[in-house]
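Chemist: Sharing a model prediction with you, sequence too.
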Amino acid sequence: MRFYIADAFTARPFSGNQAGVVPLGEEPFPKESLMRALAGELKHSETAFVRRTGGGSFHIRYFTPAEEVDLCGHATVAAFTVLRQTGEIQPGQYALHTRSGDLEVSVEPEAVWMDMAPPAEGRTFSREEQTELYAAYGLTLADRPEGLEPQAVSTGLLDILLPVRERAALDGAVQNEAEVCRLSERYGVVGVHMFCLGVGDAAAHCRNFAPLYAIPEEAATGTSNGALTFYLYRRGLVRPGGENRFVQGERMGKPSEILSRLTEDGGAVRVRIGGRAALSLRGEVL
């Protein structure tokens with residue numbers, strides 16, 4: 001098998017968020033043990049195994065170094081960029097089957113856009129629970145912005161969205177990994193997506209943490225920013241029809257740009273995530 005490393009949500013190699021991509025053509029998926037082992041060997045937050053199931057249809061599976069996950073935005077952007085750059089597909093619309101459901105992917109000459117799973121609001125948190133959440137990052141409730149509170153939201157993966165008042169709190173947060181793992185297990189979430197509202201052309205600046213899945217911090221997360229798009233929409237902070245820009249990975253030295261679009265149709269809300277990717281490495285499994 002040939003594999004690639006692609007840097008998602010950036011146009012510059014060795015920036016953004018790295019994902020492993022293993023194109024399988026029309027071959028069946030390898031044994032699950034091999035896919036998990038290869039993801040562990042590559043050591044990126046996700047490795048995507050993608051196979052063609054029809055002329056315009058694909059099936060994709062995502063593995064972290066620890067286990068399989070239902071959906072991964074940056075690995076999807078990386079996978080379809082690899083397929084486009086290697087000539088397996090041309091720009092157009094493609095159907096994608098994932099464990100999170102069937103989605104549509106739009107491949108453009110310079111970017112890839114994908115549907116998120118239908119937005120779903122999860123639980124809110126008591127004042128005591130919020131205190132625990134902020135304390136896990138060396139913060140207090142004084143760092144919470146007025147009018148915004150933590151909430152679990154999903155557009156494919158359930159994350160706790162944790163707002164902070166200003167960039168200084170976002171950049172200065174120090175994660176207690178053991179505590180965040182404990183809280184993630186307690187609340188049944190993948191991790192924590194911390195953000196502060198942006199200025200200028202950014203809707204928000206973000207940091208993402210999923211230590212329960214062997215990802216201490218991630219430079220760009222499509223599903224989490226899809227959830228954040230819906231969270232901000234529910235509070236009147238983003239509107240349908242526009243394009244939203246999220247900046248992530250700055251604290252890691254890997255600045256990433258994640259774009260989102262939100263539409264309403266008969267009361268149903270649809271979130272799409274998009275961005276560019278750059279191929280940086282390729283190799284073969286011997």
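Modeler: Cool, got the structure.
Chemist: rest of the way, CA atoms for contacts and neighbours
Modeler: Noted.
Chemist: domains for the protein, by residue range?
Modeler: 2-116+275-284, 120-272 (automatic domain parsing).
Chemist: can I get those in a markdown table with mean neighbour count and mean pLDDT?
Modeler: Below are these laid out as a markdown table (neighbours: other C-alpha atoms under 10 Å; pLDDT from 0 to 100):
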| stretch | mean neighbour count | mean pLDDT |
| --- | --- | --- |
| domain 2-116+275-284 | 20 | 94 |
| domain 120-272 | 19 | 95 |
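Chemist: So which elements touch the longest strand anywhere in the chain?
Modeler: With secondary structure taken from DSSP state E, the chain has its longest strand at strand 256-265. For strand 256-265, the contact count by 3 or more C-alpha pairs under 8 Å, 6 or more residues apart in numbering; DSSP states H and E identifies helix 222-234, strand 243-248, strand 268-275 as packing neighbours.
Chemist: Let me know the secondary structure of Arg12.
Modeler: coil (DSSP: H, G, I helix; E, B strand; the rest coil).
Chemist: That one reaches Ala278, doesn't it?
Modeler: Yes - applying C-alpha atoms under 8 Å, one finds Arg12 in contact with Ala278, separated by 6.1 Å.
Chemist: Mind jotting down where the helices sit in the stretch 1-150 of the chain?
Modeler: 32-42, 73-85, 127-135 (DSSP state H, counting those that start in this stretch).
Chemist: so which of those helices comes closest to Val189?
Modeler: helix 127-135 (12.8 Å; C-alpha to C-alpha).
Chemist: what element comes up after the closest one heading to the C-terminus?
Modeler: strand 151-154 (DSSP states H and E).
Chemist: Measure how far that next one is from the centre of its chain, please.
Modeler: Its chain's C-alpha centre and that of strand 151-154 lie 14 Å apart, by C-alpha atoms, centre = their mean, to the nearest Å.
Chemist: Mind exporting the C-alpha coordinates of that strand to PDB?
Modeler: Output in PDB follows, covering the C-alpha atoms of strand 151-154 (Å, rounded to 0.1, in the frame of the first residue of the first chain):
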ATOM      1  CA  GLN A 151     -21.800  23.500  25.900                       C
ATOM      2  CA  ALA A 152     -21.300  20.100  24.300                       C
ATOM      3  CA  VAL A 153     -22.100  20.200  20.600                       C
ATOM      4  CA  SER A 154     -21.700  17.800  17.700                       C
END
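Chemist: if we can go back for a sec, list the strands paired with the longest strand of the chain, with their directions.
Modeler: As defined by DSSP bridges, the strand partners of strand 256-265 come to strand 243-248 (antiparallel), strand 268-275 (antiparallel).
Chemist: is it possible to export these to a markdown table including distance to Leu286?
Modeler: A markdown table is the format used below for the strands paired with strand 256-265 (distance: least, C-alpha to C-alpha, whole Å):
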| stretch | distance to Leu286 |
| --- | --- |
| strand 243-248 | 35 |
| strand 268-275 | 32 |
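Chemist: Quick one: closest of those strands to Tyr62.
Modeler: strand 268-275 (17.1 Å).
Chemist: which residues are contacting the closest one?
Modeler: 8-10, 73, 77, 111-119, 155, 222-223, 225-226, 229-230, 257-264 (C-alpha atoms under 8 Å, 6 or more residues apart in numbering).
Chemist: got the angle for that strand vs helix 73-85?
Modeler: With axes from the mean of the first three to the mean of the last three C-alpha atoms, to 10 degrees as the basis, strand 268-275 and helix 73-85 are set at 60 degrees to each other.
Chemist: C-alpha coordinates for strand 268-275, PDB please?
Modeler: Extracted C-alpha coordinates of strand 268-275, given in PDB (Å, rounded to 0.1, in the frame of the first residue of the first chain):
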ATOM      1  CA  ALA A 268     -33.000  22.300   8.900                       C
ATOM      2  CA  VAL A 269     -29.500  23.700   9.400                       C
ATOM      3  CA  ARG A 270     -26.600  22.400   7.300                       C
ATOM      4  CA  VAL A 271     -22.900  23.000   8.100                       C
ATOM      5  CA  ARG A 272     -20.100  22.600   5.700                       C
ATOM      6  CA  ILE A 273     -16.400  22.800   6.400                       C
ATOM      7  CA  GLY A 274     -13.700  23.600   3.900                       C
ATOM      8  CA  GLY A 275     -10.100  24.300   3.300                       C
END
